[in-house]
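Colleague: Build the 3D model from these lines:
(chains A and B, ligands or ions: 1)
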Amino acid sequence: MAATPTRASAPIDTTVFASLGPGQLRPGRELDALAGAIPQIVVTAREVEQVHAAITEARSKKLGIIVSGGATMLHVGNAPRTFDIKLATTALGRIVEQNPQDMTVTCEAGVTLARLQRSLAKVGQRLCIDAALEEKATIGGIVATNATGGLRYGYGTPRDLALGLTAIDGCARTLKAGGRVVKNVAGYDLVRLLTGSWGSLGIITELTLRTHPLPAAAATLVFDFASAPDLDAARGRVFGSNLPLAALDLAVDLSADSDAGAGSSVPIWSLIARVEGSEEEVAAQGDRLCALCGRDPADAVEAWASPVGADDSGGAAVRIGTEPADLVPALVDILAQVRGGAGASDKGPVALFVGGHLGSGIARLQLAGAGSAGGGSAGGAALLRATEVGGRVRTRVVERAGPGDFTGHDVWAPLPASFSLMRELKRRFDPDAVLAPGRFVGGL
Amino acid sequence: MTFDSKLLSELRAVVGAEGMVEGRASLKVYECDGYTLAKAAPDLVLLPQTTAQASEVIKLLAARRIPFVPRGAGTGVSGGCLPGDAHVMVGTSRMRAIRNLDLANRIAEVEAGVVNLEVTRAVEGRGFYYAPDPSSQSACTIGGNVAENSGGPHTLKYGVTVNHLLALEVVLPSGEVVWLDRCGEAPGFDLVGVFTGSEGTLGLVTAAKVRLMKKCEAVTTLLAVFPGVPEASRAVSAIIAAGIVPAALEMMDALVISAVEAAYRFGFPSDAGAVLIIELDGLAAGLDALAERVGQACIGEGASEIRRAADEAERALLWKSRKRAFGAMGRLTPNYCTQDGVVPRSRLPEIVAVITEVSARYGLRIANLMHAGDGNIHPLILYDESKPGEAERVVAAGDEILRACLDLGGSITGEHGIGVEKLGLMGAAFGTETLAAMADLRAAFNPLGLCNPNKVVPTDRSCVEVVRPRPRGGG
Ligand SMILES: Cc1cc2nc3c(=O)[nH]c(=O)nc-3n(C[C@H](O)[C@H](O)[C@H](O)COP(=O)(O)OP(=O)(O)OC[C@H]3O[C@@H](n4cnc5c(N)ncnc54)[C@H](O)[C@@H]3O)c2cc1C
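Modeller: Alright, predicted model coming up:
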């Protein structure tokens, strides 16, 4: 696809960025392109004033700004209507204040998750967010996308953990929302408005989050099942129990396909539980889990990595949402369609990775990258067809439609019933549509 | 305000005679909520029974640009239900259906007028409960809880109302009905998060899908007795510093203890300067060891005695003493005013010092009740409204305490809301650009200002110095 901006834009006055030091301003390049659009400039902000200047310049010329944190989710969204300034937050890297006694931490938006975790670990704490690619993903990006991993089961999502933030909205107003305390109902909740708004209402520059103590002991237990109904029955028992699990995830291993050919062998369904607490609690939960699953774990390790990841391999990827009790049956249907459907046109094995959050009814399905088995457009098309919203599948986000292909798909589905309210909010917080124009739900 | 007879008959056709409250005597019930010193009865109260009825009446009002105020049980303590410029109230007291219990997915769909405790009552037989537990939970409604984003003693571990909401059915000020949905990863802005805590200014909540929790295997409740509030405050920090997150961590000082002891006879030591009520829950395994560690942390900060509730009856009485503490205050004072500030929990000793100093300087007794684990203070300023000038001193003292909370990095309200009570402090809490953004947020839902006007965010009109009367109760 030809790399050209979708809308011709006025040239940018780089003198407004006079405060930028070496390496903070450069012309856009091919590798910055999104859906074929290359930005005029790439600004790496070191100070909040530089974010402010970028928005002010964009407003005056009706330019489009797309914020880039660790760029782990940057590819997700509709094709931008205009893309003139790529604004990187990676140099907004200060950990402003750690308050272990208050169980809060305040940092700038560009701090990576891994760096914050290392810093918190020194005082015996952590952020209970296990979003993927933690060495790259920034806290600002995680909050802007409400990104989670399996720990959402026990500790909630960024919507539950973000206490306060500073953001510059599309009107170039500095919003200081929430605070540094764990309980606060003063005024409207601008923190939740911005959390999960995917950079479309404001650019987050600083955040305060709730932290938790590091558990004294922890274990990850994996229970394998040869059939989906067996796993689902165990899931029902665990979900219906009062075990205070930290995570309750799912992984489906289809690699058996590679040996035996598409559709001919049985995938392995794994229930993955994370237990945390004192030594005694961890041991007791492990015993209860074995009883509920009717077997010993196939694997038990101390480390944790949620099977619902993100990756940059370029293969088609979607996230679906169902009622928790519908997730496994929905996946069974989808897998039957994808494996059958792909087999029809390209008779290769389907390299599909499936991870899910059993407590929230969320799964991510991803084909291996271009060039690998099943990564071709036929596999991608089958995956998109099989996961369309309807029946058990209530929501879908197309993270990546296929190799190089952004357009022609409904990235966010369905259009929410409350869409007209969302459009009103966008109009009032970003009247000139300078922030991620067109990228979010319904082309906001 | 008088209404034209055509409107009245149209409204009656929607809600029926039982759904309309008119006439001075009947309307008196609605003249205030838990914030009792400002009173103004509405001219008309509408009590729809269904969402469709609520939508119809709000459409009829909107067509004539008549503002209205939503009302639940009227236990709010910041004056959110005061009619102000709105002469019509739309109440949810007849919307009390539990629409659906989906235990396989741990979801209850309930109408806005359902009382908080009724949700738990409906599911406890099967081991479930609804976690947010404001002290007023036997009276307040789910709609009111959503409007105020209410908390409770167990907020420390389990979070406030918004952390337990999946979707809301709302009637917008235009009368349009819309579901706001955040289930799974529903695309779009978190409008459930935005609506929660909006104090009835964005529309009427008619139903909510709430998350149900499973009762823990084991629970234990400790009472730690301290010589004074400073020692108890330091113990709060010590427990958190030890990496322990109790289910609840509440404080009462000597004045509160004397009132609740007289009322409920739990057997608090008569010489206690302060007590902490500490609840631990989870698995049975390890709970004793945890209780031991908590006890040691308290003793390390000067606790003279640690008591553990021997059985469910003793535990229930302890919680009754705490949750009904407000009701007991009448034994100490003709009137009292509660503030609802928040400080980072490590700054509790500092705010306690401020309260002590303010109390001495104003010559007013102040009793301390706190959701201490959250840093959420509820100083109760005791006074007698018949003494000239005393009520004004109470307002000034309360303001000083809340401003001190801001100076310590905290907030002017943790769970009671701004209402009309704290409008005058919003300018101290937020900058002008943030306040302008909040006004924009309101306008996106409520462009004509028809729903609960002049609350939460100062408008040009309400920016003028509001006389801030004194509330009762709360917490
Ligand atoms: C003794 C006592 C103890 C309390 N303890 C606590 C506590 O522990 N924690 C806590 O957080 N609060 C506490 N409160 C405060 C109060 O109970 C809560 O704010 C409660 O959620 C209010 O619910 P309600 O149904 O009484 O609402 P109301 O008082 O009727 O209304 C409160 C506000 O919500 C709006 N509203 C009500 N229903 C709706 C609806 N359906 N849609 C839209 N807006 C609506 C009203 O317009 C008003 O602004 C206490 C109060 C008392 C008197």
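
Colleague: domain assignment for chain B?
Modeller: Chain B is divided into the following domains under automatic domain parsing: B:1-215, B:218-328, B:333-425.

Colleague: Just send those domains back as JSON lines, with mean pLDDT and distance to residue A:28 too.
Modeller: Yep, even glycine has a C-beta here, placed from its N, CA and C like the rest. Supplementary listing: the domains of chain B in JSON lines, determined by pLDDT from 0 to 100; distance: least, C-beta to C-beta, whole Å:
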{"stretch": "domain B:1-215", "mean pLDDT": "96", "distance to residue A:28": "28"}
{"stretch": "domain B:218-328", "mean pLDDT": "95", "distance to residue A:28": "47"}
{"stretch": "domain B:333-425", "mean pLDDT": "95", "distance to residue A:28": "41"}
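
Colleague: Format those domains as JSON lines; extra columns: distance to chain A and mean neighbour count.
Modeller: Below are the domains of chain B laid out as JSON lines (distance: least, C-beta to the nearest C-beta, whole Å; neighbours: other C-beta atoms under 10 Å in any protein chain shown):
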{"stretch": "domain B:1-215", "distance to chain A": "3", "mean neighbour count": "21"}
{"stretch": "domain B:218-328", "distance to chain A": "3", "mean neighbour count": "19"}
{"stretch": "domain B:333-425", "distance to chain A": "4", "mean neighbour count": "22"}
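
Colleague: would JSON lines of those domains with distance to the ligand be doable?
Modeller: JSON lines is the format used below for those (distance: least, C-beta to the nearest ligand atom, whole Å):
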{"stretch": "domain B:1-215", "distance to the ligand": "2"}
{"stretch": "domain B:218-328", "distance to the ligand": "4"}
{"stretch": "domain B:333-425", "distance to the ligand": "3"}
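
Colleague: nearest to residue A:107, of those domains?
Modeller: domain B:333-425 (15.9 Å; C-beta to C-beta).

Colleague: How about residues contacting the longest helix anywhere in chain A?
Modeller: Ranked by residue count, the top helix of chain A under DSSP state H comes out as helix A:327-345. With C-beta atoms under 8 Å, 6 or more residues apart in numbering or on different chains as the test, helix A:327-345 has contacts from A:228-229, A:231-232, A:235, A:250, A:252, A:254, A:257, A:262-263, A:267, A:269, A:320, A:322, A:348, A:350, A:352, A:354, A:356, A:358, A:361-363, A:365, A:374, A:378-379, A:382-383, A:385-387, A:391-393.

Colleague: Name the SS class of residue A:144, please.
Modeller: helix (DSSP: H, G, I helix; E, B strand; the rest coil).

Colleague: Wait, it touches residue A:202, no?
Modeller: No - assessed by C-beta atoms under 8 Å, residue A:144 is found out of contact with residue A:202, at 9.0 Å.

Colleague: what do these two both touch?
Modeller: residue A:194.

Colleague: who's in contact with the residue in the stretch 101-250 of chain A that chain B sits nearest to?
Modeller: Nearest residue of the stretch 101-250 of chain A to chain B: residue A:192, at 2.9 Å (C-beta to the nearest C-beta). Residues in contact with residue A:192 (C-beta under 8 Å, 6+ apart) are A:159, A:162, B:162, B:190, B:193, B:194, B:196.

Colleague: and what of residue A:89?
Modeller: Contact analysis of residue A:89 by C-beta under 8 Å, 6+ apart lists A:45, A:51, A:67-69, A:108-110, A:138, A:140-141, A:203, A:205.

Colleague: Check residue A:239 too.
Modeller: With C-beta under 8 Å, 6+ apart, residue A:239 has these contacts: A:248, A:324, A:358, A:359, B:106.

Colleague: Sort out which one of these lies nearest the ligand for me.
Modeller: Checking these against the ligand by C-beta to the nearest ligand atom gives residue B:106 as the nearest, at 22.3 Å.

Colleague: Not counting residues beside it along the chain, what's closest to that closest one?
Modeller: The shortest distance from residue B:106 to any non-neighbouring residue, by C-beta to C-beta, 6 or more residues apart in numbering or on different chains, is to residue B:212 (4.6 Å).

Colleague: Am I right that the one you found is in contact with residue B:132?
Modeller: No - counting by C-beta under 8 Å, residue B:212 stays clear of residue B:132, with 11.6 Å between them.

Colleague: could I get stretch A:303-316 in CSV with only the CA atoms?
Modeller: C-alpha atoms of stretch A:303-316 as CSV (Å, rounded to 0.1, in the frame of the first residue of the first chain):
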residue,chain,number,x,y,z
ALA,A,303,6.6,-17.6,37.9
TRP,A,304,3.6,-16.0,36.3
ALA,A,305,2.9,-14.9,32.7
SER,A,306,-0.6,-14.4,31.5
PRO,A,307,-1.4,-16.5,28.4
VAL,A,308,-3.3,-13.5,27.0
GLY,A,309,-0.5,-11.6,25.5
ALA,A,310,0.2,-9.2,22.7
ASP,A,311,2.9,-9.7,20.2
ASP,A,312,4.4,-7.9,17.3
SER,A,313,4.7,-10.8,14.9
GLY,A,314,2.1,-9.3,12.5
GLY,A,315,-0.4,-12.2,12.5
ALA,A,316,-4.1,-11.4,12.6
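
Colleague: In the stretch 51-200 of chain A, mark out all the helices, start to finish.
Modeller: A:113-121, A:139-145, A:152-155, A:158-161, A:190-194 (DSSP state H, counting those that start in this stretch).

Colleague: My error: substitute the stretch 51-200 of chain B in the last question.
Modeller: Using DSSP H, counting those that start in this stretch, helices in the stretch 51-200 of chain B cover B:51-63, B:116-123, B:142-148, B:155-158, B:191-195.

Colleague: tell me the domain ranges of chain A?
Modeller: A:14-90+A:428-443, A:103-213, A:217-413.

Colleague: picking that back up, and of the contacts of residue A:239, the nearest to residue A:313?
Modeller: Set against residue A:313, the nearest of these by C-beta to C-beta is residue A:358 (24.9 Å).

Colleague: Next one: the closest residue to residue A:133 other than its chain neighbours from residue B:426, what distance?
Modeller: Spatial nearest neighbour of residue A:133, excluding adjacent residues (C-beta to C-beta, 6+ apart): residue A:72 at 4.5 Å. Per C-beta to C-beta, to the nearest Å, residue A:72 is found 38 Å from residue B:426.

Colleague: Looking at these two, which is more packed in?
Modeller: More neighbours surround residue A:72 than the other of residue A:72 and residue B:426, with 26 against 20 (other C-beta atoms under 10 Å in any protein chain shown).

Colleague: Quick one: residues contacting the more buried one.
Modeller: By C-beta under 8 Å, 6+ apart, the contact set of residue A:72 is A:132, A:133, A:136, A:137, A:141, A:310, A:312.

Colleague: Next, it: phi, psi?
Modeller: Main-chain dihedrals, residue A:72, degrees, to the nearest 10: phi -80, psi -20.

Colleague: do the same with residue A:92
Modeller: Main-chain torsions, residue A:92, degrees, to the nearest 10: phi -80, psi 80.
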